Each structure stands twice: as structure tokens, then as C-alpha cells.
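Trainee: Mind looking at a prediction? Sequence and model below.
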Amino acid sequence: MKILLPTDFSENSLKSIDYAIYIFGIQEVQYHLLHTFEIISTRASVSFGGLKNQMEKQADENLCNLNNYLIQKYPNIQISLQHQYGALSDIINTLEKDSFDYIIMGTKGSTGLKEVFLGSNTWDVIANTSIPVIAVPQEVDFKQNKKLLFALDPYKLPSQKVIQLLLKIEKSKHFEILLFVVKNKEDFDVNEINELFKGVEFKLIIVENEDVVNSIETYQQQNQIDLLVMVNQQRSFWENLIHSSMTKKLTFHTKSPLLTFKD
């Protein structure tokens with residue numbers, strides 16, 4: 001398995017690395033540390049080339065220090081290092097041919113899903129990559145409840161490919177899978193959900209509410225969820241969640257990591 005770990009060397013990104021190892025361990029896993037940087041503007045006295053060389057030198061030093069720190073903390077861990085100039089999401093798209101299984105990266109705080117992800121590197125990556133992304137909030141608590149809440153759109157179910165990727169996560173930590181469905185006035189076929197998850201042990205929670213966001217938030221807060229899972233489907237559950245007027249209501253004061261799949 002190959003895991004991509006974007007890092008800016010902050011405490012937040014270090015926490016996301018620890019979380020990656022907490023989930024996947026170090027056996028038969030290759031971790032790839034990636035640092036990207038951009039130059040927005042330069043002072044007249046500093047050339048673009050000179051500043052870029054300085055930043056590359058600093059990136060080399062920081063990556064080496066981080067590599068040494070992780071090897072000491074996690075003996076036998078397999079790590080590769082890379083720094084590159086450019087926007088993070090653009091660089092990741094050039095790396096997709098290497099077939100990373102997951103991207104795990106940090107986010108800044110928990111003031112609401114819109115504020116955490118929109119306009120940030122994390123949201124850019126989620127929106128523009130086909131690789132599953134785990135976004136790890138700064139205040140994540142590595143609980144032992146091991147509850148995975150999969151927020152399903154019952155009117156557009158994910159593909160079997162997504163289910164298989166989900167099971168990789170479940171098997172690594174033996175999460176209890178909770179399928180969370182928010183039902184509106186339209187009916188849906190529960191048998192389709194049972195068939196999709198055939199052979200998988202899960203608990204199905206069905207809530208009837210017009211406010212999808214509030215329903216997820218309330219259940220998440222009341223049940224100490226360790227990992228929230230959503231599927232990024234075009235013009236469906238995730239896109240409506242982000243782009244509709246519901247974003248004004250988003251108050252996901254969560255310490256739970258968010259796993260997104262593109263389907």
C-alpha cells in the first residue's frame with residue numbers, strides 16, 4: 001500500500017502523519033512525504049531564482065529532519081521524500097500515475113466544514129484528485145471507540161469500488177461501520193443498500209429530516225464518531241452539501257477525521 005503525506009512541517013501536518021500510521025501501521029506500507037511551495041511575490045532585491053533556491057534548500061533540510069524524526073519514532077517505517085515547486089493539487093495530479101491508495105493531510109481547526117475545507121489546500125485536493133483523501137483536523141483525538149460513520153445518499157448509492165476501498169480502512173482498525181441515511185419525503189429501497197453491503201457487518205441508521213447537515217452533525221456529536229466518510233459524487237450529496245445554501249448552516253465542530261471518496 002502507498003500513502004501520500006503532504007506536509008508543510010507544521011504541528012498539524014505532523015498530527016496527520018501520526019494518524020496515518022495509527023490507521024495503516026508500518027507493515028507493507030510505503031509512505032511518501034511531499035512538500036510543495038510557491039512564491040507569490042518577491043522583493044526587488046531578491047530574484048525569483050535566488051528565492052526559489054533558498055526555499056528548495058530549506059525544504060531539503062526540513063524533509064531530512066522530518067525523515068530522521070519519523071525513523072526514530074517508528075523504526076522500520078518505509079519513507080520516501082519529495083519537494084516540488086507548484087500548487088499542491090496540481091503536483092498531486094502529476095503523481096497519480098504512481099497509484100497512491102490514500103492521501104492523508106491535515107486541516108486547520110474545526111470552525112465548520114466550509115471554513116475548514118473551502119479555499120484551502122485540503123479542499124483543492126479533495127475536489128481535484130481521484131485518490132481517496134483523509135483530512136485530519138488539528139485537534140483530532142485518537143479514540144478507541146473505532147466507530148466509522150458513512151453518510152450515504154440513499155438516492156445515489158456509491159459503486160462497489162468505493163465499498164472495497166472502505167473495507168481496506170475497516171480491516172486496518174476493525175471499525176464498527178455505521179451507515180447513516182437521511183431520508184427526505186421520497187422513499188428509497190433499503191434492499192439496494194443491503195445488497196451493496198452484502199457480506200459486510202454494519203448498522204443502518206435512518207433519520208427523516210430535510211436538514212442533512214444538522215442530522216449528521218447531531219448524530220456525530222452524540223455518538224463519538226472516530227471517522228466520518230462521504231462520497232464525492234457530481235451534483236449529488238457531497239456537492240449539494242458544499243455548494244447549496246446549506247453551507248450557511250454548517251457547524252461541524254468536529255474532531256473527527258473526514259474520509260472522502262470520489263465516485
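Mentor: Ah, there it is.
Trainee: From here on, just use CA atoms for contacts and neighbour counts.
Mentor: OK.
Trainee: Let me see the ranges of the helices in the stretch 101-250 of the chain.
Mentor: Per DSSP state H, counting those that start in this stretch, the stretch 101-250 of the chain carries helices over the ranges 113-117, 121-128, 160-173, 190-196, 212-223, 237-243.
Trainee: Any chance of TSV for those helices, columns mean pLDDT?
Mentor: TSV is the format used below for the helices of the stretch 101-250 of the chain (pLDDT from 0 to 100):
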stretch	mean pLDDT
helix 113-117	41
helix 121-128	76
helix 160-173	84
helix 190-196	92
helix 212-223	81
helix 237-243	51
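Trainee: Walk me through the domains of the chain.
Mentor: 2-137, 147-262 (automatic domain parsing).
Trainee: and the end-to-end length of the last one?
Mentor: Across domain 147-262, the straight-line distance between its terminal residues is 22 Å, by CA to CA, to the nearest Å.
Trainee: distance between that domain and the chain's centre?
Mentor: In this view, domain 147-262 has its centroid 14 Å away from the chain centroid, taken as CA atoms, centre = their mean, to the nearest Å.
Trainee: Wasn't N76 part of a strand?
Mentor: No - going by DSSP: H, G, I helix; E, B strand; the rest coil, the assignment for N76 is coil, not a strand.
Trainee: wait, what's in contact with it?
Mentor: Neighbouring residues of N76 by CA atoms under 8 Å, 6 or more residues apart in numbering: I26.
Trainee: quick one: pLDDT of it?
Mentor: The per-residue pLDDT reported for N76 equals 93.
Trainee: phi, psi of it?
Mentor: Main-chain torsions, N76, degrees, to the nearest 10: phi 80, psi 10.
Trainee: need the helix or strand of this protein with the lowest average pLDDT.
Mentor: helix 113-117 (a mean of 41; mean pLDDT, DSSP states H and E).
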